[in-house]
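# sequence first, then the predicted structure:
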Amino acid sequence: MRRLFGSAMAARAALAVACAVTPPAIAAPSTFGPVIGNALLCRSHLDNAYFYSYLSSAFGPSYKHEGGAWWFKAEGALWGAAVTDIMVSDDTSELVFVGAVTEATPEQLEEAIRAAAGMRHRAQDASAFPIRQSAPGSQIVYFKNQSKIYCAKYKPLPPAR
């Protein structure tokens, strides 16, 4: 009996560690496409406090804080491309940004955005892994075998006193 109990405890402990390392993705709310999609395309005002609050409410607490950003696990789609992670800048950078990691390649994501939203992301050079940028300023970059899309703007100056 002790042996069974010990095995069950070890299995539960291993499961808890696995869940702590990689949290399960939470399904995106119905507002995900308009709110996050428009921000990623640089079609809305970027306010990292607002997006942090929105993402925390929609997906729970961030699972990591890395590279000047809070990272959230998400289970949703934008423009038909599966989204795995959403990130929003913290206050350590001079930029405010919102980004997302998708399961699509940059070429596939650019085509999906063009078909769904009519926005083009043109390659900035002829390299093997070019950055693609839209007229409003959103960028699609290679992220391992996936792509990352983001919009980044300089922080506005504080109001004059």
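Perfect, thanks for sending it. Since this is a predicted model, take the numbers as computed values, not measurements. Residues are numbered from 1 along each chain as shown.
# ok, which stretches of this protein are strands?
Applying DSSP state E to the chain gives strands spanning 26-27, 64-66, 69-78, 81-89, 95-102, 122-123, 132-133, 139-143, 146-154.
# where among the ones you listed is average confidence lowest?
Mean pLDDT is lowest for strand 26-27 among these, at a mean of 70.
# helix or strand next in line after that strand, which one?
helix 32 (DSSP states H and E).
# about what we covered before: quick one, which of the strands of the chain is nearest to Tyr52?
Proximity to Tyr52, assessed across these by CB to CB, is greatest for strand 81-89 (5.1 Å). To be clear about C-beta, it is placed using only N, CA and C from the backbone, and glycine gets the same treatment.
# which other helices and strands contact that closest one?
In this structure, strand 81-89 makes packing contacts with helix 48-59, strand 69-78, strand 95-102, helix 106-117, strand 146-154, judged by 3 or more CB pairs under 8 Å, 6 or more residues apart in numbering; DSSP states H and E.
# single out the most deeply packed of these.
Greatest average neighbour count among the helices and strands packed on strand 81-89 goes to strand 95-102 (a mean of 22), per mean count of other CB atoms under 10 Å.
# what's next to it, contact-wise?
Outside strand 95-102, the residues within contact range by CB atoms under 8 Å, 6 or more residues apart in numbering are 36, 39-40, 46-48, 51, 69, 74, 78, 81-89, 109, 143, 146-155.
# write down the beta-bridge partners of Lys148, one by one.
Beta-bridge pairing for Lys148 (DSSP bridges): Val101, Val141.
# and it, what does it touch?
Contacts of Lys148 (CB under 8 Å, 6+ apart): Gly99, Ala100, Val101, Thr102, Ile140, Val141, Tyr142.
# and if we set it to 7 Å?
Gly99, Ala100, Val101, Val141 (CB atoms under 7 Å, 6 or more residues apart in numbering).
# and these, which two are furthest apart?
Ala100 and Val141 (11.5 Å).
# related to what we said a few turns ago, redo the helices and strands packed on strand 81-89 as CSV? Include distance to Ala28.
Listed next are the helices and strands packed on strand 81-89 as CSV, based on distance: least, CB to CB, whole Å:
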stretch, distance to Ala28
helix 48-59, 7
strand 69-78, 3
strand 95-102, 11
helix 106-117, 16
strand 146-154, 15
